[in-house]
Structures are given as C-alpha cells and as structure tokens.
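In: My questions concern the predicted model and sequence given below.
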Amino acid sequence: RLRGLLSGRPRGSRGRLMRWRDFVRPALAKAVRARLSVLEPNAMQCEALRPAMRGEDLLLVAQTGSGKTLALLLPLLESVTRAVEHRPSAACTALLLAPSDVLVEQHAATARTLLAGLDPPVELDCDTGASLTGVGGLLEDASRVPSLLVATAAGARRRLEASGGAGREWAARLAAVAIDEADAVLCGRPHDTALRPDADALLDALPAGTQHLLATAFLTSEHEVALTRRFRRAVRVSEHSTAGQRGVMVPTLRQLFRYLGPGASRETALLSALRSAEDDPWLREGTTMIFCEPAAAAAVHGRLVAEMPQLRAALLCEGAAAPEGSAEAVARFASGEARALVCTAAAARGLDFPRLRHVLLFDMPKDVAGFVHSAGRTARRGKEGLVTCLVESGAEVGRFRQLHALLPARALEFSAAPAS
C-alpha cells in the first residue's frame, strides 16, 4: 500500500491537529516534547505511526532528517512500557537494529532520554557485537533479557546465541523489531534483488509473529524488490517529489559543485572550499563534515590540522591511526569543540549533529544512495544546509550531473521548541 505524504500539519478524522498523545501514552508524549523539543509529529511521522501503533509491519522511505527515528522508536517504547506495566515478570521485548556502532549508541541515547523517569522503569541494553553496555555501563555477558535491545546485526546475533538459554528466552518474548537504514542492514550490493544470507538467517531466528518496522531514506529498485518480497504485508509509507516522482533530496538543501581542472590538487581545492566557508558568517557558526575514502581520511585530517588549526578537526575512520577513539571524535564534534569532522561513508547513515551546516564531499560517493545519505547529514528538520562536491573533469562530471538532477521531496512542516 503506497501512501504519498502531503506537506502541512497532519489532522485527524475530525480535522483536529494530531498530537504525540494520539499515538503514545502521556508520559512518552511529554518526554518527546520536553526532552527532545519536538512539539508535535509531522505528516510523515503521523502516516508511519498509524499502522505501526496498530501492530502492522511498516516500510518507511522518507527524506533524511525528517524524524524517521522517532517513527521507529516510539512504537517500540510504547509496546515495552505497556508490557512492563501489565506483566513485569514476563514482559515482551523489542529490538532496534542499526548498521553502525556509532548509530547504535546514538539511538540508545535517544531511547534512554525518553525512558528516563518512567514508572515502572524499562531496562535497555546496547550491543554493537564488540561491546555490550547497559544503563550502568559495560556488561560482562549477554545473559540478560532487557525490555529493549539497541544493536547492530552482529550484536543481535550474539544475543540470540547467548548461553544458558537466555538467547532463546529473549527471542521468544520478542514482539517487535525496528530496522533503521534497512537497506544497509539487510541488503547486499545495490543491484541485488535478494537479502544477504546472514540477514535472512537473523530474521528467520525471530518469532513468526514479530512486527517489523523498517526505515531508510533511499531504496534502489532492486533493494525495494528484496524488502517487499520478504515483508509482503508491510504498509508502505513513502514521499513524492514536488513533481510527483519519488523524491530523495531534502528541499532545504543547497548544492554547490566545484569542478577541478586537469592536474588540480583535490586537497588544495578542499582547503579553498573550507576557507570560502570561513568567510560566510552563517557557515562559520556551524560545523562541517568532510567525507573521504578510507585511504585518504588520515592524510586529509593531517592537512587540516596543519593548515587550518582553528577548525580543531576530528577524525572518525575505523581502522585508521586516529589520535582519538570514535566515541571521543563524535562527542567533540557534537559539542562543537571540533568544528570539522573528517570521516568515511560509514558515518553517512543516520547520524544527527544539530550544529552541522556544511557537508563537503572530498571523494565522490559510489552511488545515489551514498550521495543522499552523505548530503543528508545537514538540512535536517526543516533547517537549511549546504553540500559542496569536489568534481574532477571527465567521467565524474556526468555522474555528478545525475546527482544534481535529483528532485526534492515535498517540504515537511516541523514543530520544534525555539532554541534556548
């Protein structure tokens, strides 16, 4: 079932504006408003929450920064809080999957913010496959049965394989699983029309009646075939562009293309783009993400540290000899202490930095999905943003023209508290 989203504030059957309390318990609705400063749901969130709160499967495809995380997380939190309230000794459990360790930590932090102070309390664990953490810090094993587990696919598999029957007990009580960036978690290469074997195995290990909530910002036609084939009963909620076609770009995103002549230095062009941004008062007040191939990330970071020390650049690159860990790099960038973050495509999915105004693509994304997700780190929640692309003459020009031709999705109306 295909539902095209309309702009403007959503209304109920009698014309009344929709509120968070129309979907979740008053305590959760109050937490969203007070702790996340998101006053009311937008049209996309209402369209997604209606089937999700009825227990139906959901496939949500919507622009970056539109609030998909809340559309996935709130049904899980409502389900587990209701279960803990009525059957504390045998309450159902829920699972939220994300493709990267950093995104798992971000989603877990959002869930903890919303759950803080709820009575009765809801137990939450976070498992990246490499480390398992709970509310009190690192956990020694996977033998616990939390109400909500936020994990990578590797973390979920570890939970299922836990010794002493804990994995089977956790799986047996699983009522719902939400999968953020579903194409990255479940699908293979861009043109594969089947899910990866390990993803199929993970889904097969879950109870037959489990509710599935999936979200992403962009699907290739092949990945759409793979997901709809697996989740045949899922309600499809998607956006249309302003021209009626399926839109993928955020309407408030501005694109700037810098073309490099033959023999031009990409690093020199990068420094020139960043210095131009420093001359722009609006960009200077925000932060910048710089996406590179893994092989170039450390060198780019070193050049920025040497030639533009005022940016206090951080480096987020798995396997690189970084001066700090990934958690420290993300924390410095999120706080604004680091005004630039040099990273790879692994950071393109889902991460949310409210201060971010400028995305700079040092290396060209390999496909449209990579461009959509990288550029979509900025211009979120209705705010403006800029993506600057460094384009070499020749073959890259045609590929970037294709990306530049992407049509914007319809504008969504966001209701947020003013910044203090």
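Out: Thanks, I have it. Residues are numbered from 1 along each chain as shown.
In: Okay, Ala369 and Gln211: tell me how far apart.
Out: Taking CB to CB, to the nearest Å as the measure, Ala369 and Gln211 are separated by 26 Å. Just so you know, the C-beta spots here come from the backbone N, C-alpha and C atoms, and that holds for glycine as well.
In: all helices for the stretch 201-350 of the chain, in order.
Out: For the stretch 201-350 of the chain, the helices defined by DSSP state H, counting those that start in this stretch occupy 221-230, 266-278, 281-284, 294-307, 326-335.
In: Reformat these as TSV; add mean pLDDT, mean neighbour count and distance to Cys46.
Out: As requested, these are exported to TSV (pLDDT from 0 to 100; neighbours: other CB atoms under 10 Å; distance: least, CB to CB, whole Å):
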stretch	mean pLDDT	mean neighbour count	distance to Cys46
helix 221-230	94	17	22
helix 266-278	94	17	36
helix 281-284	95	12	32
helix 294-307	92	17	40
helix 326-335	91	18	29
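In: would you turn those into TSV with distance to Arg258?
Out: Formatted as TSV, these follow (distance: least, CB to CB, whole Å):
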stretch	distance to Arg258
helix 221-230	31
helix 266-278	6
helix 281-284	15
helix 294-307	15
helix 326-335	23
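In: Give me the buried positions along the longest helix belonging to the chain.
Out: Scanning the chain for the helix with the most residues, using DSSP state H, yields helix 68-86. Neighbour counts over helix 68-86 (16 or more other CB atoms under 10 Å) mark 68-81, 83-84 as buried.
In: for the protein, which spans come out with low pLDDT?
Out: Filtered on pLDDT under 70, the chain yields the residue ranges 1-16, 88-91, 129-145, 163-165, 239-249, 319-323, 393-420.
In: Let's check: the centremost residue of it is which one?
Out: Gly350 (2.1 Å; CA atoms, centre = their mean).
In: Ramachandran angles for that one?
Out: phi 80, psi -20 (degrees, to the nearest 10).
In: could you check the distance from the spatially closest residue to it that is not a sequence neighbour over to Asp363?
Out: Nearest residue to Gly350 in three dimensions, chain neighbours excluded: Leu103, at 4.6 Å (CB to CB, 6 or more residues apart in numbering). Per CB to CB, Leu103 is found 21 Å from Asp363.
In: got it, and Arg339?
Out: Here Arg339 is placed at a distance of 21 Å from Asp363 (CB to CB).
In: Go through whatever helix or strand the residue nearest to Gly350 lives in and flag the buried ones.
Out: Assessed by DSSP states H and E, Leu103 sits inside helix 101-115. Across helix 101-115, burial judged by 16+ other CB under 10 Å covers Asp101, Val102, Leu103, Val104, Glu105, Gln106, His107, Ala108, Thr110, Ala111, Leu114, Leu115.
In: Pretty sure Met44 sits against Thr64.
Out: No - checked against CB atoms under 8 Å, the pair Met44 and Thr64 is beyond contact range at 11.7 Å.
In: Just give the closest residue to Arg173, not the sequence neighbours.
Out: Nearest to Arg173 is Thr93, by CB to CB, 6+ apart, at 4.8 Å.
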